[in-house]
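Undergrad: the sequence isn't on hand, but the structure is:
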């Protein structure tokens, strides 16, 4: 029996994950995005790289069987199960600056960026080190023109993704705080280490 | 009259660029990719972010009028002119590990990754700090399935992109070393600071 984290809406968690362990991220209510990032436990200069992962998978939609790579081209995770099949690896976590630039929000707004760096700070991760995240269940469609359309997450209650750690990791995970990405309703995310 | 760099095939350059200056990258022979990255001159913890730039432009194909943002959501460049209109911001610079993983190359192979970090090392940039680059003239097509197809660059002899620096920058730029990205022939790249 491993650890469990019940992430309340608009919150996050940071923890270490041993090589060989399984990380299960579940959307208990449906239509909720969860941002995931990781660093090598032995050296936080090694980080989860969208560019390397997309290049080696040769697709922007990574799913079961695909490997998530670090900036050093070493496997960090293998996706073992995926009941949804749609996750975004193009966009960065929502942040105070994003809410201001895209939606004119001047007041405080919870964000995946803050929820990642605050929960990863105890492991030596600073805000500037947060790379482009793997946005689990996020439904970003690339139109033929290259333009992006953010649709509601296709995840239904109980849908999950299961990832195997391929090295000792520091992991950050959130229940996403952006209105549009979550069909305008914030829900929890369940995380289990198996 | 500013600086000029004639990049021989499979080479690169690193230099500082003052706010307000214009950076012109020209493909003198056609069908040649040039990888571009940048860091804030006052603090190299601030880097060119594909995720932020794609998010704020709402497209994967950034062109004239679009802004390239840092991880802190501050403008680094504005694209002022673009005679091609197709540049990739999804994939990372070609690297020794990439040539090995994707093409089975075991021997030494020149790479944009090496050409960036070697030329940026004098400015305090280490290999692990190289983010997903803006791959100028690179023709990455996203198929409806999400799969990627790398086509020959659409640039013809003399085509260029012109970018205005929106902050004081450290800039790295290459003449790309990957066979497939350059239609299997390596050509020079011309760089001017105006």
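TA: That came through, no problem. Nothing here was measured: the structure is a model prediction, and the numbers come from that model.

Undergrad: could you measure from residue A:112 over to chain B?
TA: Taking CB to the nearest CB, to the nearest Å as the measure, residue A:112 and chain B are separated by 12 Å. The way it works is simple: take the backbone N, C-alpha and C, and place the C-beta from them, glycine included.

Undergrad: for the residue lying closest to that residue once chain neighbours are set aside, give me its contacts.
TA: Once flanking residues are discounted, residue A:112 sits nearest to residue A:93: 3.5 Å by CB to CB, 6 or more residues apart in numbering or on different chains. Contacts for residue A:93 (CB atoms under 8 Å, 6 or more residues apart in numbering or on different chains) come out as A:35, A:37, A:111, A:112, A:113, A:116, A:130, A:133, A:135, A:174, A:176.

Undergrad: from those residues, which is closest to residue A:18?
TA: residue A:37 (17.5 Å; CB to CB).

Undergrad: what about the closest one, neighbour count?
TA: By other CB atoms under 10 Å in any protein chain shown, 29 other residues sit near residue A:37.

Undergrad: quick check: it touching residue A:174?
TA: No. With contact defined as CB atoms under 8 Å, residue A:37 does not count as touching residue A:174 (9.1 Å).

Undergrad: which ones among the contacts of residue A:93 map onto strands?
TA: A:35, A:37, A:135, A:174 (DSSP state E).

Undergrad: what pairs with residue A:170 across the strands?
TA: Taking DSSP bridges as the rule, residue A:170 bridges to residue A:16, residue A:39.

Undergrad: swap that for residue A:150, please
TA: Beta-bridge pairing for residue A:150 (DSSP bridges): residue A:140.

Undergrad: check the gap between it and residue A:104 for me.
TA: 17 Å (CB to CB, to the nearest Å).

Undergrad: neighbour count: those two, which is higher?
TA: residue A:150 (19 against 7).

Undergrad: which residues in chain A form helices?
TA: When assigned using DSSP state H, the helices of chain A occupy the ranges A:50-57, A:96-103, A:112-120.

Undergrad: tabulate those helices (CSV), appending mean neighbour count and mean pLDDT.
TA: As requested, the helices of chain A are arranged in CSV below (neighbours: other CB atoms under 10 Å in any protein chain shown; pLDDT from 0 to 100):
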stretch, mean neighbour count, mean pLDDT
helix A:50-57, 25, 97
helix A:96-103, 17, 94
helix A:112-120, 23, 98
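
Undergrad: make TSV from these and add distance to residue A:165 to it.
TA: As requested, the helices of chain A are exported to TSV (distance: least, CB to CB, whole Å):
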stretch	distance to residue A:165
helix A:50-57	15
helix A:96-103	29
helix A:112-120	16
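
Undergrad: ok, which of the ones you listed comes nearest residue A:23?
TA: helix A:112-120 (14.8 Å).

Undergrad: check the offset of that closest one from the chain's centre.
TA: Average the C-alpha atoms of helix A:112-120, do the same for its chain, and the two points are 11 Å apart (CA atoms, centre = their mean, to the nearest Å).

Undergrad: packing partners of it?
TA: With contacts taken as 3 or more CB pairs under 8 Å, 6 or more residues apart in numbering or on different chains; DSSP states H and E, helix A:112-120 sits against strand A:12-17, strand A:34-40, helix A:96-103, strand A:169-174.

Undergrad: and with 10 Å instead?
TA: strand A:4-7, strand A:12-17, strand A:34-40, helix A:96-103, strand A:169-174 (3 or more CB pairs under 10 Å, 6 or more residues apart in numbering or on different chains; DSSP states H and E).

Undergrad: among the ones you listed, which comes closest to residue B:54?
TA: helix A:96-103 (11.9 Å).

Undergrad: what residues are up against the nearest residue to residue A:141 once chain neighbours are set aside?
TA: The spatially closest residue to residue A:141, leaving aside those adjacent along the chain, is residue A:149, at 4.5 Å (CB to CB, 6+ apart). Shown in contact with residue A:149 (CB atoms under 10 Å, 6 or more residues apart in numbering or on different chains): A:139, A:140, A:141, A:142, A:143, B:58.

Undergrad: how far away is the fourth one from chain B?
TA: I take that to be residue A:142. 5 Å.

Undergrad: quick one: that residue and residue A:150 touch, right?
TA: No. Proximity of residue A:142 to residue A:150 does not meet the contact threshold set by CB atoms under 10 Å, at 11.1 Å.

Undergrad: hang on, residue A:167 packs against residue A:42?
TA: Yes. Under the criterion of CB under 10 Å, residue A:167 makes contact with residue A:42 at 8.1 Å.

Undergrad: quick one: which of these two has more around it?
TA: Between residue A:167 and residue A:42, counting by other CB under 10 Å, residue A:167 is the more crowded of the two (18 against 11).

Undergrad: and that one, what's its pLDDT?
TA: pLDDT recorded at residue A:167 is 98.

Undergrad: can you list phi and psi of the residue lying closest to it once chain neighbours are set aside for me?
TA: Nearest non-adjacent residue to residue A:167, counting by CB to CB, 6+ apart: residue A:19, 5.3 Å away. Per-residue torsions, residue A:19: phi -50, psi 130 (degrees, to the nearest 10).

Undergrad: and the residue in chain A sticking out farthest from the centre, how far is that from residue B:64?
TA: Relative to the mean C-alpha coordinate of chain A, counting by CA atoms, centre = their mean, the farthest residue is residue A:145 (26.0 Å). Distance from residue A:145 to residue B:64, counting by CB to CB: 15 Å.

Undergrad: any stretches of chain A with poor pLDDT?
TA: Scanning chain A with the threshold set as pLDDT under 70 gives A:1.

Undergrad: what about 50?
TA: Residue ranges of chain A with pLDDT under 50: none are present.

Undergrad: now do the buried residues in stretch A:27-44.
TA: Using 16 or more other CB atoms under 10 Å in any protein chain shown as the test for burial, stretch A:27-44 gives A:27-41, A:44.

Undergrad: same check, this time on stretch A:155-166
TA: Neighbour counts over stretch A:155-166 (16+ other CB under 10 Å) mark A:155, A:159, A:160, A:161, A:162, A:163, A:164, A:165, A:166 as buried.
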